[in-house]
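K.L.:
here are the coordinates; sequence isn't available:
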């Protein structure tokens, strides 16, 4: 049988950037992310190496600290940066994971 997949499916359906960031925005592991900035307690920004086509891309976030009930969310995104905030009743510094899906520029 034919087990191939159309190039357009792979291109459109792949994660375009990801990062595992420390509680100080240091890049523990990443793809298409050039740097992280700690913008304050629980407030992080990551620079996308190869820009997204526009700011209409999907972001998934997850807190990676064990035994914590923090909530991660994406308050802002631009073609070249993505912001992540973490709360657990108040802003918290925690490691986090981020996936970005959408079209590259």
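P.N.:
Arrived safely. In this text the structure is predicted, and so the values were computed from the model without any measurement.
K.L.:
please make it C-alpha for all contacts and neighbour counts, starting now.
P.N.:
Noted.
K.L.:
need the helices for the chain, in chain order.
P.N.:
Secondary structure of the chain (DSSP state H): helices at 7-13.
K.L.:
low-confidence ranges, it, go.
P.N.:
By pLDDT under 70, the weakly predicted segments of the chain are 1, 9-10, 64-69.
K.L.:
all strands for this protein, in order.
P.N.:
All strands of the chain, identified by DSSP state E, fall at 15-21, 27-31, 33-40, 43-48, 58-63, 71-73, 81-87, 96-101.
K.L.:
what does the first one contact?
P.N.:
Residues from elsewhere that reach strand 15-21, judged by C-alpha atoms under 8 Å, 6 or more residues apart in numbering: 27-33, 36, 48, 95-104.
K.L.:
quick check on those residues: which are buried?
P.N.:
27, 30, 32-33, 36, 48, 95-103 (16 or more other C-alpha atoms under 10 Å).
K.L.:
which of those residues sits closest to residue 56?
P.N.:
Of all these, residue 102 has the smallest distance to residue 56: 7.4 Å, by C-alpha to C-alpha.
K.L.:
list the contacts for the closest one?
P.N.:
Residue 102 is in contact with 12-13, 15-16, 52-53, 56-58, counting by C-alpha under 8 Å, 6+ apart.
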